[in-house]
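Enquirer: Pasted the sequence and its predicted model underneath.
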Amino acid sequence: MTRSAVRGRPNPTRRPGRRAALLAVPFVVLAGCAAPLPQAEPEPVPAVAPPALSVAQSQRVLDAVAEVVAAGDVANDAAGLPARLEGPALAIRTAEYVRNVTTEGGRPPTVLPFEEQALIVPETDAWPRTQLVVTEQPDDLQAPRILVLRQDGPREPYRMWGWARLMPGVSMPPTAAPEVGSPTVEPDSAGLLMTPADALAQYADVLGNGDASQFAPSFASDAFRAGIENERTALATNLADTASVTQTYAAAPEPVVSLGTVDGGAVVVGELTTTSTIALTAGGKVNVEPFYSALTGGATSAENSLTRVFGGVVVLYVPPAGSGAQVQVLAGEQLVTGASVQ
């Protein structure tokens, strides 16, 4: 995977054209022609907005985030995470610490490498700013991750907003070199197979309805969807005599970021929430495992229903309109972050 590629440039953002120098001079009548006064020359205006971060700055951000995550992992304590984590990343990592405690170390937090394989840096002079990092493969030989790093304002530090597992066999679409920066794509941007916002909403519908979804033909088959469908089927089969299972999927109204690719498509990153409810038949009862019990505040059994909420992140490639290609799921991740019983 390479960092550099050629891509089209957006319309330039211009600064004021010239700055006239104001010179205070006395009024003097001179014989003959006076020499013209020197004029201040403006600095050259860049053709496009600069990348939000240099490669060296991105590496320093990764080091800072890695340090906070490592400290939290060692202590199994989420108290210090907000310094460098937010959004789904904060919710998921906090829940992973709860799971690690309740399983007595049997299910530790996800291994997150912070050595970059590729950087996708936005070309922008505005905030919030969000960049993507494709990591090296973790030491446990799981799939590489896509880390989502976000800066909410000029005086705010970059924080990890989320992460997602790269799907098997997936190749990232070519994007601009990080030294140049990739153009940001608006949520309702035309010119793609579908807008970034619609891509997220339609994928959520495909997760819920499978091939019966009217949007299914626009999406290539993917391992993230297959895993969700397999788990849902297994759960329903195991509980067929005692309960029914209902799952709903909802995407955030807008992506957290969409960045242009060399071919005119876009890498779209969004938040995905899954709500899974196990409704017990009359007279039924289910024991609540320790992890879910901790999330519910201590409930040990459910007599009517158990609801679990999964926080998640999905990364899509949306091709340009007219290409004949389908939307591809590049990466996905979800974990239970909340639970309740009735």
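Expert: That came in fine, so what should we check first?
Enquirer: Gly264: neighbouring residues, count only.
Expert: 15 (other Cβ atoms under 10 Å). Heads up, the C-betas are built off the backbone N, CA and C, glycines and all.
Enquirer: no no, Lys285
Expert: 10.
Enquirer: now Val314
Expert: 27.
Enquirer: tell me what the one helix or strand it maps to is packed against?
Expert: Counting by DSSP states H and E, the element that carries Val314 is strand 305-318. In terms of contacts (3 or more Cβ pairs under 8 Å, 6 or more residues apart in numbering; DSSP states H and E), strand 305-318 is packed against helix 87-102, strand 159-166, helix 196-209, strand 266-280, strand 328-341.
Enquirer: Leu146: what's it in contact with?
Expert: You called it Leu, but residue 146 is Ile. By Cβ atoms under 8 Å, 6 or more residues apart in numbering, the contact set of Ile146 is 132-135, 163-164, 166, 269, 315, 330-331.
Enquirer: Weed out the non-buried ones from the residues you listed.
Expert: Buried residues within the contacts of Ile146, defined by neighbour count using 16 or more other Cβ atoms under 10 Å: 132-135, 163-164, 166, 269, 315, 330-331.
Enquirer: what's the closest of those to Thr103?
Expert: Among the buried ones among the contacts of Ile146, Trp163 lies closest to Thr103 (Cβ to Cβ), at 21.0 Å.
Enquirer: Do a quick rundown of the strands in the stretch 1-150 of the chain.
Expert: Assigned by DSSP state E, counting those that start in this stretch, the stretch 1-150 of the chain shows strands spanning 116-120, 122-123, 129-135, 145-151.
Enquirer: any idea where the helices of the stretch 1-150 of the chain begin and end?
Expert: Under the criterion DSSP state H, counting those that start in this stretch, helices of the stretch 1-150 of the chain are mapped to 55-75, 87-102.
Enquirer: now the angle from the longest one to helix 87-102?
Expert: Think helix 55-75. 30 degrees (axes from the mean of the first three to the mean of the last three Cα atoms, to 10 degrees).
Enquirer: ok, and what's touching helix 55-75?
Expert: For helix 55-75, using Cβ under 8 Å, 6+ apart, the contacting residues are 53, 78-81, 83-85, 93, 97, 108-109, 112, 114-116, 119, 121, 131, 133, 147, 149, 157-160, 178-179.
Enquirer: For it, list every residue counted as buried.
Expert: For helix 55-75, by 16+ other Cβ under 10 Å, it's 58-59, 61-62, 64-66, 68-69, 72-73.
Enquirer: Tell me where the model's unsure across the stretch 1-150 of the chain.
Expert: By pLDDT under 70, the low-scoring segments of the stretch 1-150 of the chain are 1-50, 52.
Enquirer: and if we set it to 50?
Expert: Counting by pLDDT under 50, the stretch 1-150 of the chain shows low-confidence ranges at 1-35, 37, 40, 42-43, 45-46.
Enquirer: so Trp163 touches Val313, yeah?
Expert: Yes. Here Trp163 lies in contact with Val313, judged by Cβ atoms under 8 Å, at a distance of 6.6 Å.
Enquirer: so which of the strands of the stretch 1-150 of the chain gets nearest Ala220?
Expert: strand 145-151 (17.6 Å).
Enquirer: Given that closest one, what are its sheet partners and their directions?
Expert: Strand pairing for strand 145-151, determined by DSSP bridges: strand 129-135 (antiparallel), strand 159-166 (antiparallel).
Enquirer: where do the helices sit along the stretch 151-300 of the chain?
Expert: Going by DSSP H, counting those that start in this stretch, the stretch 151-300 of the chain shows helices at 196-209, 223-238, 290-296.
Enquirer: Could I get the buried residue list for the last one?
Expert: Right, helix 290-296. 291-296.
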